[in-house]
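Undergrad: no sequence on hand, only this structure:
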């Protein structure tokens with residue numbers, strides 16, 4: 001069933017105090033105010049190095065015959081529906097992670113030129129999954145992979161709960177659809193993760209992600225992505241402070257028979 005976001009003004013304010021929405025304080029007025037930010041407000045927040053700009057998605061704009069990704073590549077125009085949660089969160093991700101967004105656009109346009117606008121490659125599916133639900137994981141304790149590989153969610157999120165506080169594992173949420181779903185209190189969120197074995201700064205995983213996508217080394221197949229039940233991370237769900245949550249949460253699915261995950265990239 002297609003998700004329908006709650007109307008502005010009806011949202012429980014508690015969702016803005018919990019990840020992932022609490023991690024965007026610079027844009028808090030855009031999501032918490034009574035009125036929607038306009039296109040001009042979105043553009044005024046762009047970093048000086050950002051060539052792309054947000055443009056209102058109108059019938060006249062769509063009459064140009066260009067694919068959404070082609071319009072960005074050729075004109076720098078990001079078609080944006082006004083008064084729309086999904087597109088507002090997409091704009092916020094563009095503002096925080098422009099290099100990754102630009103890298104995705106580059107690879108999407110390459111495949112559109114090869115496949116046309118009706119067919120899609122495995123890489124395009126992978127990139128779309130990441131764009132909508134992507135999570136960038138910086139892992140500093142390789143031993144946590146044993147539990148993750150086995151879908152031993154009780155171990156990853158309860159027995160190793162301290163790892164999410166002490167920096168042995170950390171995430172940057174990229175997928176704007178996850179942000180939209182987080183508007184519904186208690187909704188169970190599952191991300192699609194790229195994992196980097198990090199020894200340096202957390203930002204190095206974001207940089208490595210952008211470089212890997214731009215070069216075509218990453219996101220060549222949807223199976224490159226690992227499921228990560230974000231609602232298990234401390235603070236992400238109001239009930240996950242209880243061990244019982246980690247034994248029965250519906251977002252905790254067993255590993256499919258024969259499923260294998262790629263090794264994390266060292267950075």
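TA: Arrived safely. Not measured: the values here are computed from a predicted model. Numbering: from 1, shown residues only.
Undergrad: and residue 105, how far from residue 24?
TA: Residue 105 sits 22 Å away from residue 24 when distances are taken as C-beta to C-beta, to the nearest Å. Where C-beta positions appear, they are placed from N, C-alpha and C, glycine not excepted.
Undergrad: neighbour-wise, which of those two wins?
TA: Neighbours were counted for residue 105 and for residue 24 using other C-beta atoms under 10 Å; residue 105 has more, 22 against 19.
Undergrad: the more buried one contacts residue 75, correct?
TA: No: when contacts are counted by C-beta atoms under 8 Å, residue 105 is not listed as touching residue 75 (11.7 Å).
Undergrad: now do the shared contacts for the two.
TA: The overlap between the contact sets of residue 105 and residue 75 (C-beta atoms under 8 Å, 6 or more residues apart in numbering) is empty.
Undergrad: poorly predicted segments of the stretch 101-250 of the chain, please.
TA: Scanning the stretch 101-250 of the chain for pLDDT under 70 picks out 200-203.
Undergrad: show me where it has helices.
TA: Assigned by DSSP state H, counting those that start in this stretch, the stretch 101-250 of the chain shows helices spanning 122-133, 144-149, 153-154, 163-166, 176-181, 203-215, 245-248.
Undergrad: run through the residues that contact the most centrally placed residue in the chain.
TA: Residue closest to the average C-alpha location in the chain (C-alpha atoms, centre = their mean): residue 175, at 1.8 Å. The neighbourhood of residue 175, defined by C-beta under 8 Å, 6+ apart, consists of 93, 130-135, 191-192.
Undergrad: and the furthest pair within the residues you listed?
TA: When C-beta to C-beta is used, the two most widely separated members of the contacts of residue 175 are 93 and 192, lying 14.4 Å apart.
Undergrad: show me which of those two is the more surrounded one.
TA: More crowded of residue 93 and residue 192, by other C-beta under 10 Å: residue 192, with 22 against 19.
Undergrad: so what's the more buried one closest to, chain neighbours aside?
TA: Nearest residue to residue 192 in three dimensions, chain neighbours excluded: residue 225, at 4.0 Å (C-beta to C-beta, 6 or more residues apart in numbering).
Undergrad: burial count for that neighbour?
TA: 22.
Undergrad: thought it was touching residue 129?
TA: Yes: in this structure, residue 225 sits in contact with residue 129. The criterion is C-beta under 8 Å, and the distance is 6.0 Å.
Undergrad: overlap in contacts, these two.
TA: Taking C-beta under 8 Å, 6+ apart as the contact criterion, the residues that touch both residue 225 and residue 129 are residue 192.
Undergrad: just to revisit the earlier point, for the residue nearest to residue 192, give me its contacts.
TA: The contact partners of residue 225, by C-beta under 8 Å, 6+ apart, come to 126, 129-130, 134, 192-194, 219.
Undergrad: wait, which of those residues is closest to residue 155?
TA: Nearest to residue 155 out of those is residue 193 (C-beta to C-beta; 16.8 Å).
Undergrad: now that closest one: how far from residue 35?
TA: Applying C-beta to C-beta, one obtains 35 Å for the distance of residue 193 from residue 35.
Undergrad: so which of these two has more stuff around it?
TA: Legend: neighbour count by other C-beta under 10 Å for residue 193 and residue 35, higher for residue 193 (24 against 10).
Undergrad: need the contact list for that one.
TA: Shown in contact with residue 193 (C-beta under 8 Å, 6+ apart): 134-137, 171, 225-228.
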